[in-house]
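*Asks:* task: produce atomic coordinates for the following.
(2 chains)
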Amino acid sequence: AQKITQTQPGMFVQEKEAVTLDCTYDTSDQSYGLFWYKQPSSGEMIFLIYQGSYDEQNATEGRYSLNFQKARKSANLVISASQLGDSAMYFCAMRGGFGNEKLTFGTGTRLTIIP
Amino acid sequence: KAGVTQTPRYLIKTRGQQVTLSCSPISGHRSVSWYQQTPGQGLQFLFEYFSETQRNKGNFPGRFSGRQFSNSRSEMNVSTLELGDSALYLCASSYRPPIGTYSNTQYFGPGTRLTVL
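*Replies:* Numbering: from 1, shown residues only, chains lettered A, B, ... in the order given. Take a look at the predicted model:
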C-alpha cells in the first residue's frame, strides 16, 4: 500500500518569499512517480511538477522545484518568489506499480500568501 | 489543446435518486480516472478506464459504476444516492501509452460538485 503524508495543514507566507511544502511517502514499489497539484478555491486540480523515482536530478518547472530525497522518502515542493495567486491547497500525490494509473493523495496544505 | 471537461458542474439530488456525471478527456488521451473529494476523506480514487475497460477500482460500494466510450469519453453513475455521496467528483485523463511509463501525468477537469439532500 502507498501512503502520502503532508504534515502542514496550513501555512502563511509573505509575498515574494520562498516557501517549502513538506511531503513524505511510503511505498513498497521500486519504481514510482511523485506529483504535486495545486487546487484553487474553484476546485480544479492543476498539475505543477513530477519526479520519477529513478530521476537523478530534482525536477524544476519555472518557480516550482521538487526537493527529492529518496533515502528519506521525501518530496518537498519549493515555490520561489511566492505570489498572491499561489494561495491555494497543495496536494502531494504518488503513483506506483506498472500500468497503475491510481494516484494516492496526501491530505494537502493550505497555503496563504500575505501581501 | 482543450483541457478535460466535466458536465454538469453542479448538481443537487435527493437521497435515493441516481446521478450520471460525464467527462471528456484531453484529445488523444485514452485513460480516464475518477476521484471523489470530501472534507472528511480527502481525495479518493474511484476507478480508471482505458480502452473502454475498467483497469483499476478503488474501495467504493457497487453503487458507484462507470463506463468509457470508444471516443474515450467517460461517465460515472451513482445509484441510490446517500447523504455521504455529497462531494466534488474529479475526472482526470492521461495518455497511458501501450507500454506504461511512470511519467504519465494525469490532468484534471474542473469537477462536478454533487450535493445530496
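*Asks:* so what pLDDT did B:Leu83 get?
*Replies:* Here, the pLDDT recorded for B:Leu83 equals 97.
*Asks:* residues contacting it?
*Replies:* B:15, B:116-117 (Cβ atoms under 8 Å, 6 or more residues apart in numbering or on different chains). Glycine gets a C-beta too; all of them are placed from N, C-alpha and C.
*Asks:* pLDDT weak spots in the chain?
*Replies:* Reading this off chain A. Low-confidence segments of chain A (pLDDT under 70): A:97-98.
*Asks:* switch to chain B, please.
*Replies:* B:1, B:97-103.
*Asks:* one more time with 80, if that's ok
*Replies:* Low-confidence segments of chain B (pLDDT under 80): B:1, B:96-104.
*Asks:* what residues does it have near chain A?
*Replies:* Applying Cβ under 8 Å from any Cβ of the partner chain, one finds that chain B approaches chain A through B:31, B:33, B:35, B:42-43, B:45, B:48, B:50, B:55-56, B:58, B:88, B:90, B:92, B:94, B:96, B:100, B:102-111, B:113.
*Asks:* show me the contacts of B:Leu83 that map onto strands.
*Replies:* Counted as lying in strands by DSSP state E, out of the contacts of B:Leu83, are B:Val116.
*Asks:* A:Gly99: which of the contacts of B:Leu83 is nearest?
*Replies:* The closest of the contacts of B:Leu83 to A:Gly99 turns out to be B:Val116 (Cβ to Cβ; 33.9 Å).
*Asks:* is it correct that the closest one is in contact with B:Arg15?
*Replies:* Yes - contact criterion Cβ atoms under 8 Å: B:Val116 and B:Arg15 qualify, at 6.1 Å.
*Asks:* more neighbours, those two?
*Replies:* The neighbour count for B:Val116 versus B:Arg15, taken as other Cβ atoms under 10 Å in any protein chain shown, is higher for B:Val116 (19 against 11).
*Asks:* for the more buried one, what are its contacts?
*Replies:* B:Val116 makes contact with B:12-15, B:81-86 under the criterion Cβ under 8 Å, 6+ apart.
*Asks:* name the helix or strand for residue 35, please.
*Replies:* I went with chain A, as the question did not name one. Here A:Phe35, judged by DSSP states H and E, is contained in strand A:32-39.
*Asks:* that's the other chain; I wanted chain B
*Replies:* strand B:31-38.
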